[in-house]
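Participant: sequence first, then the predicted structure:
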Amino acid sequence: MGPRCHFWILANTLDRGRHSSLGPSSDCAPERRSECPSEWCRVWNYLFTSVVAQIWKSGFAYVANLPVSNFIEMAKHQPSCVDFKKESYRWKGDVDYRKHPELYRIGKGEQGVLTVEPYKSEIGQHWRFKTPQVAEESAGKIFSMFQKYLKERDFVGADMAKKYLNMGFTRSRRYANWKGGKKWTKSTGGQDKQECGWRLQVKGSGSAEKAECAEIFKKYFDLARADKTYLQMKEMWKKEIEGK
């Protein structure tokens, strides 16, 4: 029995479960609607129709490698940046993190990559992925900056350089997966107001050239995040600065 057959059994089991132990769906019988936790049902239906469809289409192996943000986006039916709140963002654009490195926090993924100065200006000017050749030059330059920051014992700079390599990979993949790099498009809908909102575009309509760019950045990103000096500095930073 293949993974999709197992998934089909699981999906039917879960679908039955949402009408019993997990609570009825929004289209449940009138006599049971009073028991229905509307917020839960709304989220469940989004997850069931969006995430489950993606699993069925691509298989478990693909979905297992998706970041959590992808599931959150699919559940909300909108890109994560829509809910971005600048005032509560931990990284501030008006802080000189070279002068005040103690204010820097590692965070997750690429957080702070477009905010933390002066590293944003120093590294960002070299960040390109138009073609594989451009991507190789860009990633190579940023990796050399990463090594330079390590030699200077500048952890913030090294961490930011690593994040730019990561962003080169993720952004290139976005252009490889979706035409024009647009994962979502804004739909104005028609007369039906329910059709308004964000729509996830068809995956696989992007550029094969950008997939090659992504692999180039990933090669350097993997080297950076596995660097022993970087890992030692990161561990010390977490203990001494972030208190973790």
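Facilitator: Right, received. Where do you want to start?

Participant: avg pLDDT for stretch 231-244?
Facilitator: Taken as a whole, stretch 231-244 has a mean pLDDT of 93.

Participant: now do stretch 151-163
Facilitator: Per-residue pLDDT over stretch 151-163 has a mean of 97.

Participant: who's in contact with it?
Facilitator: 97-98, 101, 104, 106, 109-113, 116, 119-120, 122-123, 142-143, 145-146, 148-150, 221, 224-225, 230, 233-234, 237 (CB atoms under 8 Å, 6 or more residues apart in numbering). Using the backbone N, CA and C atoms, a C-beta is placed for each residue, glycine as well.

Participant: buried residues in it?
Facilitator: The neighbour-count check on stretch 151-163 (16 or more other CB atoms under 10 Å) flags 154, 155, 156, 157, 158, 159, 160, 161, 162, 163 as buried.

Participant: which pair of those spans the longest distance?
Facilitator: 154 and 163 (14.0 Å; CB to CB).

Participant: can you pull out the helices in this structure?
Facilitator: 3-17, 38-46, 52-58, 60-64, 68-76, 119-124, 132-151, 155-177, 208-225, 228-240 (DSSP state H).

Participant: distance check, the residue nearest to residue 112 when sequence neighbours are not counted against residue 117.
Facilitator: Spatially, and ignoring its direct neighbours in sequence, residue 112 is nearest to residue 91 (3.6 Å; CB to CB, 6 or more residues apart in numbering). Counting by CB to CB, to the nearest Å, the gap from residue 91 to residue 117 is 10 Å.

Participant: repeat for residue 222
Facilitator: Taken as CB to CB, the span from residue 222 to residue 117 is 27 Å.

Participant: so these two - more neighbours on which side?
Facilitator: Neighbour totals were compared for residue 222 and residue 117, and residue 117 leads with 17 against 13 (other CB atoms under 10 Å).

Participant: in this structure that one contacts residue 93, no?
Facilitator: Yes. Using CB atoms under 8 Å, residue 117 is in contact with residue 93, at 6.6 Å.

Participant: can you check which residues contact both of these two?
Facilitator: By CB under 8 Å, 6+ apart, no residue touches both residue 117 and residue 93.

Participant: one step back: now the phi/psi pair for the residue nearest to residue 112, please.
Facilitator: Here is the backbone geometry of residue 91 (degrees, to the nearest 10): phi -100, psi 130.

Participant: domain map for this protein?
Facilitator: 1-24+36-84, 89-185+204-244 (automatic domain parsing).
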